[in-house]
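> task: produce atomic coordinates for the following.
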Amino acid sequence: MTEALKTELVNFSELTGEAGSARRAELARHVATLFALTSDRCSDEQVDIYDSVLLRLVDMVETEVRRYVADQMASLRRGPEETIRRLADDDIEVAEPILVRSTVLRDADLIKIAEKRGNAHQFAIAQREVLSQEVTDILIRSGDLKVKRKVAGNDGARLSDTSVMALISDAASDATLQLTLSERADLAESHIANLLSVASEEVRRKLHAEGRAQDANRLDEAVDIAAQRMSNQYWLGRYDFETARSRIMLLAKRGMVNEAALRRFASEDRFAEAVATFAWLVRCGVEEVSHWMVRPDPEPFIILAKASGFSSITVGALLGIGPWRHRLTPEQRSDAMSVFERMTIAEAKRKMAHWSHTVLN
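So this is what the prediction gives:
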C-alpha cells in the first residue's frame, strides 16, 4: 500500500484549513459511498487503502458527516475495520447504526465499547440480530433497565444462566421485564419456575400502591404465559405431528424407517418426525409418545427406549431436541443417560410389564 495509491483516491494536501471544510465533508461522503458500492469487488489491499483514507477523513469532519459514513458502512459484510471500530466508539448519533447492524465488529469490540461507554451504546448493541453470551453478560451486568428489557426481548441474544437469573431478579419489580421473559422460548424449566415465583401478590400490591395498575395487570398476563409454558401442551402445540406421521408412514412403506433415520431426524432437530419415527419403531401411538418426549421427567421414555433396544447414542441425541432442548438442564440429561446405561433390557421390560398390569387392573 503506497502513498501514491492513497493520493490517487484523496489528496489530503487540499483539505487543510477552514477553507477545506466543505471539501472534507464532500470527500468523506463520496469515498464512503464509493466503497459501499464496490466493497464486494475490492481486494484486501484496496480495502486497506479505503480504511486508511476513511480513518483520516472521519477525524476531520463533523458529526453529521460521520453519521453518513456510519450509515454507509453499517450493513456491509466486509469493510474498513479500523474505521468501523472508530465509528462504533463515537458519539451515539454516529455509533448507533454500526453497533446495531455491523457484522464487521467482533465480540471483543462490542464488549470493549459496552464497558467503556454508557447505556445509549449498550442499548444499541442490545438491538443486534445476534448476541453472544459474553456480550449479553456485560449488557445485563452494567446496563440500565431499558437495556435489560431490550436484551430480554431479543430472540437472537444468547443468555447464560447467570444473566437469566439476574433478569428474573430485576423482573421482581418490573412487569414489562416479567412479560418479556415469559415470552422467551429458551428459558429452562427452572427459570420459568423462578419467574413465576417473582410474580407475587406482593409485587402487585406494590404496583397498585404506586399508581401503576396497568403494570400490575400485566403481571397477570406474564404469570399466565409462564404457567402455560410449564404445561406439555404449550410445547407440543408448536409441532405438526399429523403431517410428520404421514411422512413417516410413506418412508415405512419403502423400508426406510429405522434407528439411523431416527438419529438423522434428531441431528436436524426435526422433533415431530423424530416422535413419529420413534412411535413407529416401538409400536405406540404418536400422541402417547409425544407426551413422553416432552415431560420434564424423561423416565418413561428412557425405560421404553431401553426395552426397545435403542443405542445410547440415539437416546442421547433425542434428549437434546425439541422441547427437551429447553426443558431439560445438562444435569438432567446426564442423569437420564446414567439411568439408561445402568438399566438392563430385562429390567426395562419388567417395568413396562408392571405398567401394563397397573393399567389393566
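
> so who does the residue most central in space within the chain touch?
Among the residues of the chain, the one closest to the centroid is Gly156, at 3.2 Å (CA atoms, centre = their mean). Going by CB atoms under 8 Å, 6 or more residues apart in numbering, Gly156 touches Arg128, Glu129, Val130, Leu131. Glycine gets a C-beta too; all of them are placed from N, C-alpha and C.

> which of these tops the neighbour count?
Leu131 (22 neighbours; other CB atoms under 10 Å).

> among the contacts of Gly156, which pair sits farthest apart?
The largest separation in the contacts of Gly156, counting by CB to CB, is between Glu129 and Leu131 at 8.3 Å.

> so how far is Asp48 from Met60?
In this view, Met60 and Asp48 are 19 Å apart by CB to CB, to the nearest Å.

> meant to ask about Leu105, not that
18 Å.

> one more: Leu181?
Taking CB to CB as the measure, Leu181 falls 44 Å from Asp48.

> the more surrounded of these two?
Leu181 (28 against 16).

> ok, the more buried one touching Leu196?
No - between Leu181 and Leu196 no contact is recorded; they are 10.7 Å apart, counting by CB atoms under 8 Å.

> which one is Val147 nearest to, not counting chain neighbours?
Distances taken as CB to CB, 6 or more residues apart in numbering place Gln122 nearest to Val147, at 4.7 Å, with adjacent residues excluded.

> secondary structure element holding that neighbour?
Using DSSP states H and E, Gln122 falls within helix 119-126.

> quick check: buried residues in that helix?
For helix 119-126, the neighbour count (16 or more other CB atoms under 10 Å) marks Asn119, Ala120, His121, Gln122, Phe123, Ala124, Ile125, Ala126 as buried.

> likewise for stretch 289-302?
So, applying 16+ other CB under 10 Å, buried residues of stretch 289-302: Val289, Ser290, His291, Trp292, Met293, Val294, Arg295, Pro298, Pro300, Phe301, Ile302.

> now for the residues you listed, which pair is the farthest apart?
Ser290 and Ile302 (16.0 Å).

> so what are the domain limits for the protein?
Domain assignment for the chain, taken from automatic domain parsing, gives 1-105, 159-230, 241-360.

> can I get those domains in a markdown table with mean pLDDT and distance to Lys146?
Formatted as a markdown table, these follow (pLDDT from 0 to 100; distance: least, CB to CB, whole Å):
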| stretch | mean pLDDT | distance to Lys146 |
| --- | --- | --- |
| domain 1-105 | 85 | 13 |
| domain 159-230 | 73 | 10 |
| domain 241-360 | 90 | 27 |
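
> what would the ones you listed look like in CSV with distance to Thr136?
Formatted as CSV, these follow (distance: least, CB to CB, whole Å):
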stretch, distance to Thr136
domain 1-105, 14
domain 159-230, 6
domain 241-360, 17
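
> which of these sits closest to Val147?
Among the domains of the chain, domain 159-230 sits nearest to Val147 (CB to CB), with 10.8 Å.

> average pLDDT for the helix holding Gln122?
Helix 119-126 comes out with an average pLDDT of 98.

> tell me how far it lies from the chain's centre.
The chain centre lies 17 Å from the centre of helix 119-126; the measure is CA atoms, centre = their mean, to the nearest Å.

> what is that helix packed up against?
Under the contact definition 3 or more CB pairs under 8 Å, 6 or more residues apart in numbering; DSSP states H and E, helix 119-126 sits against helix 92-101, helix 107-116, helix 133-142, helix 145-152.

> let me have those helices in JSON lines, adding mean neighbour count as columns.
Below are the helices and strands packed on helix 119-126 laid out as JSON lines (neighbours: other CB atoms under 10 Å):
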{"stretch": "helix 92-101", "mean neighbour count": "21"}
{"stretch": "helix 107-116", "mean neighbour count": "17"}
{"stretch": "helix 133-142", "mean neighbour count": "19"}
{"stretch": "helix 145-152", "mean neighbour count": "21"}
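
> could you dump these to CSV with distance to Val69?
Shown next, in CSV, are the helices and strands packed on helix 119-126 (distance: least, CB to CB, whole Å):
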stretch, distance to Val69
helix 92-101, 8
helix 107-116, 17
helix 133-142, 24
helix 145-152, 25
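
> so which of those helices gets nearest Thr162?
Evaluated over the helices and strands packed on helix 119-126, closeness to Thr162 peaks at helix 133-142, with 6.7 Å, by CB to CB.
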